[in-house]
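Undergrad: here is my input, please return the structure:
(one chain, ligands or ions: 1)
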Amino acid sequence: MTLKGKIALVTGASSGIGAATAIKLASHGVKVGLAARRTDRLHAIVQQIRDAGGEAIALEMDVVDESSVQDGVKRLADTFGTIDIVFNNAGLMPISEVDALKTGEWHRMVDVNVKGLLNSTAAVLPYMRAQRSGHIVNTSSIAGRKVYPGLAVYCATKHAVSAFSEGLRMEIGKKHNIRVTSIQPGAVDTELFEHISDQEQRGQMEGLREQMAFLKASDIADTVLFALQAPDYMNVAELFVLPTDQP
Ligand code: NDP
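TA: This is a model prediction of the structure:
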């Protein structure tokens with residue numbers, strides 16, 4: 001299916017997987033709203049897209065704040081006409097063992113990874129429902145399928161994303177002709193580890209880089225593109241994508 005002329009919201013578009021996917025979509029003729037909090041980063045990526053002949057706008061958005069999400073989505077729809085695709089990708093992973101009781105970081109992960117994704121889903125759904133078409137792509141993780149010590153809360157949030165994606169797919173596929181895809185990457189080379197305050201956990205995650213060749217953010221962008229380009233009658237419900245070296 002051609003994506004040319006479609007309109008997409010990408011959350012977490014200021015770095016990593018979101019930035020790479022926004023750039024990839026724009027190169028296929030998608031008009032992209034890039035959402036995140038770091039607007040300087042967003043403006044630079046938007047400029048890069050425009051320089052390459054694409055169409056994009058920067059949307060300052062904190063996915064935790066429902067009104068910020070509603071405002072950004074409205075601005076995107078007002079600018080380009082509607083919303084056909086959302087890549088619900090904003091997320092963070094400040095991991096630690098539970099008995100370290102870093103409760104503020106637990107709440108932050110639940111707020112961004114789960115509630116943020118619900119907020120952006122709620123904001124785009126009315127547009128998709130009204131036009132009886134759309135595609136919602138959610139970034140889950142290998143941590144949405146498996147559980148690891150040290151990552152209990154992060155795994156809980158990503159399991160929630162996987163469960164929500166599957167439930168949503170069953171509810172809105174036939175009823176509203178909207179597709180839902182859950183992307184479940186293994187290790188990807190991004191800024192995700194930079195927010196880990198627990199030095200032991202951070203060291204362990206950084207150490208993984210010596211054990212395996214991480215995926216690139218653009219590999220996940222290709223994966224998203226694959227799901228979006230599938231014919232209308234085909235819903236790629238889940239994509240589990242790992243470095244070849246990752247167990
Ligand atoms: P990055 O840290 O590079 O990107 C995270 C993005 O999320 C940034 O653009 C950041 O933007 C955004 N973000 C964080 N908090 C908020 C918020 N409150 N409101 C809006 N945007 C927010 O990491 P990745 O690209 O790796 O992460 C993208 C997704 O991929 C996450 O959901 C992550 O859990 C998932 N993932 C990553 C894997 C990996 O190995 N890298 C593996 C599997 C899944 P800003 O700070 O500007 O707001």
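
Undergrad: so who does the residue most central in space within the chain touch?
TA: In the chain, the centroid-proximal residue (CA atoms, centre = their mean) is Asn89; its distance is 1.3 Å. Residues near Asn89 by CB atoms under 8 Å, 6 or more residues apart in numbering: 10-13, 17-18, 21, 137-139. All C-beta spots, glycine's among them, are computed from the backbone N, C-alpha and C.

Undergrad: turn those into CSV, including neighbour count.
TA: Below are the contacts of Asn89 laid out as CSV (neighbours: other CB atoms under 10 Å):
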residue, neighbour count
Val10, 35
Thr11, 28
Gly12, 28
Ala13, 32
Ile17, 28
Gly18, 29
Thr21, 31
Val137, 25
Asn138, 26
Thr139, 29
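
Undergrad: ok, these vs His43, which is closest?
TA: Looking at the contacts of Asn89 and their distance to His43, the nearest is Ala13, at 11.3 Å (CB to CB).

Undergrad: what about the closest residue to Gly18 other than its chain neighbours, distance to the ligand?
TA: On the basis of CB to CB, 6 or more residues apart in numbering, the spatially nearest residue to Gly18 that is not a chain neighbour turns out to be Gly12, at 3.8 Å. Per CB to the nearest ligand atom, to the nearest Å, Gly12 is found 3 Å from the ligand.

Undergrad: I'd like to know how far Gly12 sits from Ala36.
TA: Using CB to CB, to the nearest Å, Gly12 is found at 6 Å from Ala36.

Undergrad: joint contacts of the two?
TA: 18, 90.

Undergrad: for the chain, which spans come out with low pLDDT?
TA: Nowhere does the chain drop to pLDDT under 70.

Undergrad: ranges for the strands of it?
TA: Counting by DSSP state E, the chain has strands at residues 7-11, 31-36, 56-60, 85-88, 134-139, 178-185, 188-189, 215-216, 238-241.

Undergrad: export the ones you listed to a markdown table and tack on distance to Phe226?
TA: Below are those laid out as a markdown table (distance: least, CB to CB, whole Å):
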| stretch | distance to Phe226 |
| --- | --- |
| strand 7-11 | 15 |
| strand 31-36 | 18 |
| strand 56-60 | 21 |
| strand 85-88 | 13 |
| strand 134-139 | 11 |
| strand 178-185 | 9 |
| strand 188-189 | 16 |
| strand 215-216 | 14 |
| strand 238-241 | 7 |
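
Undergrad: quick one: closest of those strands to Ser67.
TA: Nearest to Ser67, of those and by CB to CB, is strand 56-60 at 12.4 Å.

Undergrad: show me what from this protein comes close to the ligand.
TA: Counting by CB under 6 Å from any ligand atom, the residues of the chain close to the ligand are 11-18, 36-38, 41, 61-64, 89-93, 112, 116, 139, 141, 185, 187-188, 190-192.

Undergrad: got the angle between the lengthiest helix in the chain and strand 134-139?
TA: Counting by DSSP state H, the longest helix found in the chain is helix 152-176. Relative orientation of helix 152-176 versus strand 134-139 (axes from the mean of the first three to the mean of the last three CA atoms, to 10 degrees): 170 degrees.

Undergrad: report the distance from helix 152-176 to the chain centre.
TA: 13 Å (CA atoms, centre = their mean, to the nearest Å).

Undergrad: just checking, Gln48 touches Ala22?
TA: No. Using CB atoms under 8 Å, Gln48 is not in contact with Ala22, being 9.6 Å away.
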